[in-house]
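> from the sequence below, what's the structure:
(2 chains)
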Amino acid sequence: MTLAIDRNDPTILAHAELYRREMGAKRLRTLLGAVIFIVCVWLAALGSEVDPGKFIANAWRFPKYILETMPTLRLQSFGADMAEWYWGIKGWLKLLWQTLLIAYVGTILGVVGGFLLCFAAAANLGKTSWLRFATRRFLEFCRTVPEIVFALIFVIAFGLGPLPGVLAIAIHTMGAMGKLFSEVVENIDMKPVDGLTATGAGWWQTIRFAVVPQVLSNFASYALLRFEINVRGASIMGFVGAGGIGQDLIEAIRKFYFTDVSAILLLIIVTVMLIDYGTERLRHALLSLEHRS
Amino acid sequence: MSLAMSATERDDLVNRHQGAIDGSRKTRLITIGVIAALLGLFLYGLTTLEVSFWKLIAGFGNLGTFVVLMLPPDPGSLARAIIFVKALFETIAIAFLGTILAAIFAFPLGFLAAKNVVANRIVHFLARRSMDTVRGVDPLIWALIWVNVVGLGPFAGMLAIMTSDLGAFGKLYSEAIESADRKPVEGVTSVGGGKAHEIRFGLIPQVLPVIASQVLYYIESNTRSSTIIGIVGAGGIGLYLAETIRTLEWQQTSFLILLILVAVSAIDFLSGKLRFAIIGKRAV
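Take a look at the predicted model:
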């Protein structure tokens, strides 16, 4: 017996023909996709007024800008140079603390709001379908409108200061958390719920004793993640006058206080990294807690 | 025998399992402590942030008036409406092009930050940290910086979206490259494929679906970011949004918000469909 393949075997020929046709169709589809993609890119380039000439002519300004924001630090007078670079450290730290508080208070309010609404939005617990629909659309609205737009409107309604920032973050957080929480609730084990319903528990009792114990650690983990995002969000709230360190940053950028820009940015980045690290540790601790019990 | 419990039986049962009913004291103390700490910080925040009852009442009163004034959404005139729709198109173009360019330019960065490509620990560390730094700066801040470089307009906004996504995509690529399975690559080598074949048939089929779905996801989220980038003058609908809010043209504001909502949900829908077509249901 030989393993040689008869090239003229009709079955093999038919197979090869089929393969060629299928591949041809696939190639055509890919080509069509590529053409659509290129047309989209071209349209987008027109829309965003891309101008390579302008970019090349001005590109040197970008490294120049970055270099200009760099402080002069000499080894001999390191302490004095640092002190000069961070001349406004007291005010900045105060604003940074305010930023963190804005993020924290906004997160707490938003998480509480999301918690209250998520049960009505979940497919397995929401009682009436119109209420579920309304809750879902409301949450969608809250998270689709950017928080800075809310902040702009709130600044006019509540006046300048951190309060509009807090409310803007709270509303956006409520929208995002409500959706995530309701997804968690939809994935719970329904047996405890059935058990409690069988004993005659009311709606609130069912949620308290059958649902909350199952979802609490997931909720806390999402809330921590959201806090981290909100710290970033709160750091730019000051751009529209809604409190926090953003107001000093935008002033420094607009007025070309170069070294201030780098000093404040560095403060923000370090804070965000520390918070990232801290919340990650906390989340891991929470998850391991869940696995143990 | 009746199934009902008598009162004494019930009391007996409760007494016997008192510990289980009360729960452990330690957990309860920890729970109370955590809640008290959270609440304390919350109240401290409220006092520090100058939140007062009367301010809230007055603010919500104002807000109610604004909402009434916003209805119905109305662009004012047809010419205004055309300007707004054009700005919306600009916004979507900024998000789309910024994401695509970031996805392309981040490729070499991804290789630089992948542990199995660049073995040097210092290079790896520096690449990772600088990408984290770039990612940590908000697109709005990048937009301010780019406006200084290329001037006002959507081009600056596009560059801002691109820059802030470079870090994110670089990280993503490096992780995809690090976790790519070597077996398909070895398989291609074993049947006589060259280096180009290895990458084309061994590596790309593994990483492309992941990358494509991530790019789609970023286009989605960048549409949201690019709606606000106009606030600092970097093009798109944000400029008109800030302008109409500041001049208290509430009906135009609500029209713009409506436009954004429609555009964002349309893009969500489209990218969901595309992602489905690219990677199938399991990973959507």
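
> so how far is chain A from the nearest residue to B:Val207 once chain neighbours are set aside?
Excluding its sequence neighbours, the residue lying closest to B:Val207 (C-beta to C-beta, 6 or more residues apart in numbering or on different chains) is B:Ala176, at 4.7 Å. For glycine as for every other residue, the C-beta is placed from the backbone atoms N, C-alpha and C. Distance, B:Ala176 to chain A, by C-beta to the nearest C-beta, to the nearest Å: 21 Å.

> figure out the helix or strand that B:Ala176 lives in.
helix B:154-179 (DSSP states H and E).

> mind listing what's buried along that helix?
Buried residues in helix B:154-179, counted by 16 or more other C-beta atoms under 10 Å in any protein chain shown: B:154-174, B:176-177.

> the residue of chain B found nearest chain A - nearest residue in space that isn't next to it in sequence?
Closest approach of chain B to chain A (C-beta to the nearest C-beta) occurs at B:Ala93, with a separation of 2.9 Å. With C-beta to C-beta, 6+ apart as the criterion, B:Ala93 has its nearest non-adjacent residue at 2.9 Å, and that residue is A:Gly47.

> ok, A:Gly238 next?
Setting aside the residues directly before and after it, A:Gly238 is nearest to A:Gly246 in space (C-beta to C-beta, 6+ apart), at 2.5 Å.

> show me what contacts that neighbour?
Counting by C-beta atoms under 8 Å, 6 or more residues apart in numbering or on different chains, A:Gly246 makes contact with A:Thr99, A:Ala234, A:Ser235, A:Ile236, A:Met237, A:Gly238, A:Phe239.

> ok, those residues vs chain B, which is closest?
Distance to chain B across the contacts of A:Gly246 (C-beta to the nearest C-beta) is lowest for A:Ile236, with 5.1 Å.

> pull the number of nearby residues for the closest one.
When neighbours are counted by other C-beta atoms under 10 Å in any protein chain shown, A:Ile236 registers 29.

> quick check: B:Lys171 touching B:Arg135?
Yes: between B:Lys171 and B:Arg135 there is a contact at 7.2 Å, judged by C-beta atoms under 8 Å.

> so which bits of the stretch 151-284 of chain B are right by chain A?
Proximity of the stretch 151-284 of chain B to chain A, by C-beta under 8 Å from any C-beta of the partner chain, involves residues B:151, B:153-155, B:157-159, B:224-225, B:227-228, B:231-232, B:235, B:241-242, B:245-246, B:248, B:253, B:257, B:260-261, B:264-265.

> so who does residue 181 touch?
Since no chain was named, I'll use chain A. A:Gly114, A:Phe115, A:Cys118, A:Val215, A:Phe219, A:Tyr222.

> think we crossed wires, I meant chain B
Shown in contact with B:Asp181 (C-beta under 8 Å, 6+ apart): B:Gln206.

> where does it land in three-state SS?
coil (DSSP: H, G, I helix; E, B strand; the rest coil).

> since we're on residue 15, how many residues are nearby?
This is for chain A. 11.

> I was after chain B.
9.

> look up how far B:Ala7 lies from it.
Noted for B:Asn15: a distance of 13 Å to B:Ala7, by C-beta to C-beta, to the nearest Å.

> let me know the secondary structure of the residue at minimal distance from the centre of chain A.
Nearest residue to the geometric centre of chain A (C-alpha atoms, centre = their mean): A:Ile229, 5.6 Å. Classification of A:Ile229 using three-state DSSP returns helix.

> how about B:Leu248?
Here B:Leu248 is coil, with the state taken from three-state DSSP.

> ok, the residue lying closest to it once chain neighbours are set aside - contacts?
Of all residues not flanking B:Leu248 in the chain, A:Ile156 sits nearest, at 7.3 Å (C-beta to C-beta, 6+ apart). Applying C-beta under 8 Å, 6+ apart to A:Ile156 gives the contacts B:Asn62, B:Phe66, B:Ile245, B:Arg246, B:Leu248.

> tell me how far the fourth one lies from B:Val149.
Just to be clear, that refers to B:Arg246. With distances taken as C-beta to C-beta, B:Arg246 is found 26 Å from B:Val149.

> so these two - more neighbours on which side?
Under the neighbour definition other C-beta under 10 Å, B:Arg246 and B:Val149 were set side by side, and B:Val149 has more, 19 against 13.

> residues making contact with the strand or helix carrying the more buried one?
Per DSSP H and E, B:Val149 falls inside helix B:139-150. Applying C-beta under 8 Å, 6+ apart, the contact partners of helix B:139-150 are A:54-55, A:58-59, A:61-62, A:65, A:148, A:236, A:239, A:249-250, A:253-254, A:265, B:156-157, B:159-161, B:163-164, B:222, B:225-226, B:228-229, B:231-234.

> and stretch B:59-69, by the same measure?
Contacts for stretch B:59-69 (C-beta under 8 Å, 6+ apart): A:Ile153, A:Phe154, A:Ile156, A:Ala157, A:Phe158, A:Gly159, A:Leu163, B:Trp250, B:Gln251.

> how about 7 Å then?
With contacts defined as C-beta atoms under 7 Å, 6 or more residues apart in numbering or on different chains, stretch B:59-69 is touched by A:Ile153, A:Ala157, A:Phe158, B:Trp250.

> do stretch A:226-240 as well
With contact meaning C-beta under 7 Å, 6+ apart, stretch A:226-240 is reached by A:99-100, A:102-104, A:106-107, A:147-148, A:151-152, A:155, A:165, A:169, A:173, A:176-177, A:243-247, A:249-250, A:268, A:272, A:275-276, A:279, B:138, B:140-141, B:231-232.

> which pLDDT value belongs to the residue nearest to B:Ala93?
Listed pLDDT for A:Gly47 reads 78.

> give the burial count for it, as a bare number.
Look at A:Gly47: counted by other C-beta under 10 Å, it has 23 neighbours.

> and after the helix or strand hosting the residue of chain B closest to chain A, which helix or strand comes next?
Per DSSP H and E, B:Ala93 falls inside helix B:78-113. Tracing the chain C-terminally past helix B:78-113 and defining elements by DSSP H and E, one meets helix B:121-136 next.

> find the closest residue to chain B in chain A.
A:Gly47 (2.9 Å).
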